[in-house]
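Visitor: Please find the sequence and the predicted model below.
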Amino acid sequence: MSVSIFDSFLTSAEMIAVFDDASVVQAMFRFEEALARAQAAEGIIPEPAARAIASVCMAHLYDIPAMVRASRRAGSLAIPLTKELGKTVALFNPESAAFVHWGSTSQDVIDSAMVMVTRQAMGLLDSGLESLIGHLLALAEQHLATPVLARTLMQPAQVSSFGFKLVAWAAPLVRARASLRATAQRALQLQLGGAVGTLSVMGDKGGAVAQRMADELGLAVPAAAWHTQRDEWVRLGLEVAILTGSLGKIATDLSLMAQGEIGELAEPSGNGRGGSSAMPHKRNPVSCMIALAAATRTPQRAAALLASMGQEHERGLGNWQAELAEWPGLFLSAHGAVNALNEAMAGLLVDPARMRVNIDSLQGLVFGEAVAAYLASAIGRPQAHSLMEQLTGAAVANGKHLSEVVSEAVAADPRLRGTIDVAHLQTLFDPVAATGPAATLAMRQLQSLRQSNLEMSNHEPRSPRP
């Protein structure tokens, strides 16, 4: 496939190669070779014909751009491909040319080829996810006790643990990795149905041919052709889209925390990474940029897959072709985002001191809920809530730290003076102590996520490999 210069820097060379024209065409030839071998083994075509066909199923022997141009007139890439394959076979064995693509149809070869290249794409995504999850969980363990502002509706809310935030980034990725594997096991199936999905030309040997082909190509055998039953296939694409959305969430948080005014995180720099041509002081979050570009483009691709599902009767008109055109873009974007965030997390610069400065700048107001809960033990929840509203207002108006204002109020109120432990009250304003609940939750989840990631890394998906 042709990738524009603006696409190419948002993805990876490895994923571009997976969906390259030569790669897809070679997968189509692998289908034709496996078809011929399976049919010969079942006595449908002569063995010499199968050998002749298999001997020239190599993409580099053909003018691929010419086949692509011819496909625009033919309506399918499979038509010029099988025509050229037949011509090439005839050069060496004229009798065998008649058995090329016997009993199959264009959608069989194209769908099966897309399944084969998608399997490679899934391997790249899985490997990238394994690494990214590992980076996030290692950082999370390192920063369980690092206080950071949790923010809701884009505003400072309470003090949390940075490790807790990192675990929250990692958890959807672990789930996505598991879902992608499970969905792929169902979706990566051989397509073989013939003209209308019935394999009528092969008679009662169609099932045996399909099994032999599936074994050779390392694909699952479906119960029947899925020419216009696109549910499992589209579901796999949607899982990729969901993954990309989760990667976009990470990039959103990271880019916000890397803003100069916040300064809590920074992407790695050096070797020209993230520089500005006009402003040398800048460190642009280029990994976030790539992931956010992917997250921005992906919903439209996912919507196109869903829109293409209403395929007419036994062969779709236009909608199947739209699906094919959108499919590679999902994987190009997802892998670009995974790679970019791997680069960011491998060298992420965390500034706990700046996190502490941002907490301290809020005059202790982010501890208000914990203080109110403690005061409620003495005067009840409604009165404690009303009192804290007054005290936080006074702290803001007078430029004082909330701990000082609360301590003064306790000393001045007989109801509180005898029941409130001032020493304990002060601990409620300790940012490190405030991370405790979040750190405990994060540690519990971290162990589970690490175990899940390890188990997936140690066990290949159940679908056979070629």
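Guide: Arrived safely, thanks for sending.
Visitor: count of neighbours near residue 365?
Guide: 18 (other CB atoms under 10 Å). Any C-beta I mention is one placed from the backbone N, CA and C, and that applies to glycine too.
Visitor: Likewise for residue 297?
Guide: 16.
Visitor: gap between it and residue 137?
Guide: 28 Å (CB to CB, to the nearest Å).
Visitor: Over to residue 189?
Guide: 33 Å.
Visitor: now do residue 239
Guide: 22 Å.
Visitor: Just after the helix or strand containing residue 344, pick out the following helix or strand.
Guide: Taking DSSP states H and E as the criterion, residue 344 maps to helix 319-346. Sequence-wise, the next helix or strand downstream of helix 319-346 (DSSP H and E) is strand 349-350.
Visitor: Quick one: distance of the next helix-or-strand element following that following strand to the chain centre.
Guide: Using DSSP H and E, the helix or strand that follows strand 349-350 in sequence is helix 352-360. Helix 352-360 sits 32 Å away from the centroid of its parent chain (CA atoms, centre = their mean, to the nearest Å).
Visitor: what are the ranges of the strands in this protein?
Guide: Secondary structure of the chain (DSSP state E): strands at 147-152, 155-161, 265-266, 349-350.
Visitor: Residue 38 is nearest to which of those strands?
Guide: strand 265-266 (54.8 Å; CB to CB).
Visitor: That closest one pairs with which strands, parallel or anti?
Guide: Each strand paired with strand 265-266, and its direction, by DSSP bridges: strand 349-350 (antiparallel).
Visitor: average model confidence for the strand it pairs with?
Guide: Mean per-residue pLDDT for strand 349-350: 98.
Visitor: swap in stretch 420-433?
Guide: Here the average pLDDT along stretch 420-433 is 94.
Visitor: So for it, first residue to last residue, what's the gap.
Guide: 19 Å (CA to CA, to the nearest Å).
Visitor: The spatially closest residue to residue 427 that is not a sequence neighbour - how many residues pack around it?
Guide: With sequence-adjacent residues excluded and distances taken as CB to CB, 6 or more residues apart in numbering, residue 427 is closest to residue 433, at 5.6 Å. Residues near residue 433, counting by other CB under 10 Å, number 15.
Visitor: Could you measure from residue 433 over to residue 402?
Guide: From residue 433 to residue 402 the distance is 15 Å (CB to CB).
Visitor: Mean neighbour count added to the strands of the chain, as TSV?
Guide: Rendered in TSV, the data for the strands of the chain read as follows (neighbours: other CB atoms under 10 Å):
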stretch	mean neighbour count
strand 147-152	19
strand 155-161	18
strand 265-266	21
strand 349-350	16
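Visitor: of those strands, which approaches residue 385 most closely?
Guide: Using CB to CB, the nearest of those to residue 385 is strand 155-161, at 15.9 Å.
Visitor: Show me what that closest one is packed against.
Guide: strand 147-152, helix 431-434, helix 436-458 (3 or more CB pairs under 8 Å, 6 or more residues apart in numbering; DSSP states H and E).
Visitor: go with 10 Å
Guide: strand 147-152, helix 352-360, helix 368-379, helix 431-434, helix 436-458 (3 or more CB pairs under 10 Å, 6 or more residues apart in numbering; DSSP states H and E).
Visitor: Let me see the mean pLDDT of it.
Guide: 97.
Visitor: Between helix 352-360 and it, find me the angle.
Guide: Angle of strand 155-161 versus helix 352-360, following axes from the mean of the first three to the mean of the last three CA atoms, to 10 degrees, is 130 degrees.
Visitor: partner strands of strand 155-161, parallel or antiparallel?
Guide: With DSSP bridges as the test, strand 155-161 pairs up with strand 147-152 (antiparallel).
Visitor: so where's this protein uncertain?
Guide: Within the chain, the ranges that satisfy pLDDT under 70 run 1, 270-282, 461-466.
Visitor: any idea which helix is longest in it?
Guide: helix 106-142 (DSSP state H).
Visitor: how far out from the middle of the chain is it?
Guide: On CA atoms, centre = their mean, the centre of helix 106-142 falls 8 Å from that of its chain.
Visitor: Can you mark which positions in that helix are buried?
Guide: Residues 106-126, 128-141 are the ones in helix 106-142 that count as buried (16 or more other CB atoms under 10 Å).
Visitor: Mind giving me the packing neighbours of that helix?
Guide: Short answer (3+ CB pairs under 10 Å, 6+ apart): helix 106-142 packs on helix 13-18, helix 21-41, helix 78-92, helix 162-187, helix 206-217, helix 231-257, helix 319-346, helix 436-458.
Visitor: Output those helices as CSV; include the columns mean neighbour count and distance to residue 417.
Guide: Shown next, in CSV, are the helices and strands packed on helix 106-142 (neighbours: other CB atoms under 10 Å; distance: least, CB to CB, whole Å):
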stretch, mean neighbour count, distance to residue 417
helix 13-18, 18, 67
helix 21-41, 22, 77
helix 78-92, 19, 86
helix 162-187, 22, 36
helix 206-217, 20, 80
helix 231-257, 21, 41
helix 319-346, 23, 50
helix 436-458, 16, 27
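Visitor: Quick one, which of these gets closest to residue 309.
Guide: Closest among those, using CB to CB: helix 231-257, at 5.9 Å.
Visitor: Could you check the angle that closest one makes with helix 106-142?
Guide: Going by the same axes, to 10 degrees, helix 231-257 makes 30 degrees with helix 106-142.
Visitor: okay, the angle between helix 231-257 and helix 319-346?
Guide: 30 degrees.
Visitor: which helices and strands does helix 231-257 pack with?
Guide: Using 3+ CB pairs under 10 Å, 6+ apart: helix 231-257 touches helix 106-142, strand 147-152, helix 162-187, strand 265-266, helix 286-307, helix 319-346, helix 352-360.
Visitor: Swap in 8 Å and give it another go.
Guide: helix 106-142, helix 162-187, helix 286-307, helix 319-346.
Visitor: Show me what the third one packs onto, helices and strands only.
Guide: Helices and strands in packing contact with helix 286-307 are listed as helix 231-257, helix 319-346; criterion 3+ CB pairs under 8 Å, 6+ apart.
Visitor: Distance to residue 443 for those helices - can I get that in a markdown table?
Guide: As requested, the helices and strands packed on helix 286-307 are exported to a markdown table (distance: least, CB to CB, whole Å):
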| stretch | distance to residue 443 |
| --- | --- |
| helix 231-257 | 20 |
| helix 319-346 | 20 |
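Visitor: among the helices and strands packed on strand 155-161, which is nearest residue 268?
Guide: helix 352-360 (16.7 Å).
Visitor: Residue 451 and residue 28, how far apart?
Guide: 41 Å.
Visitor: Residue 102 now?
Guide: 15 Å.
Visitor: ok, now residue 10?
Guide: Residue 10 is 27 Å from residue 28, by CB to CB.
Visitor: Just give me the residue closest to the centre of the protein.
Guide: Computing the C-alpha centroid of the chain and ranking residues by CA atoms, centre = their mean puts residue 243 first, at 3.0 Å.
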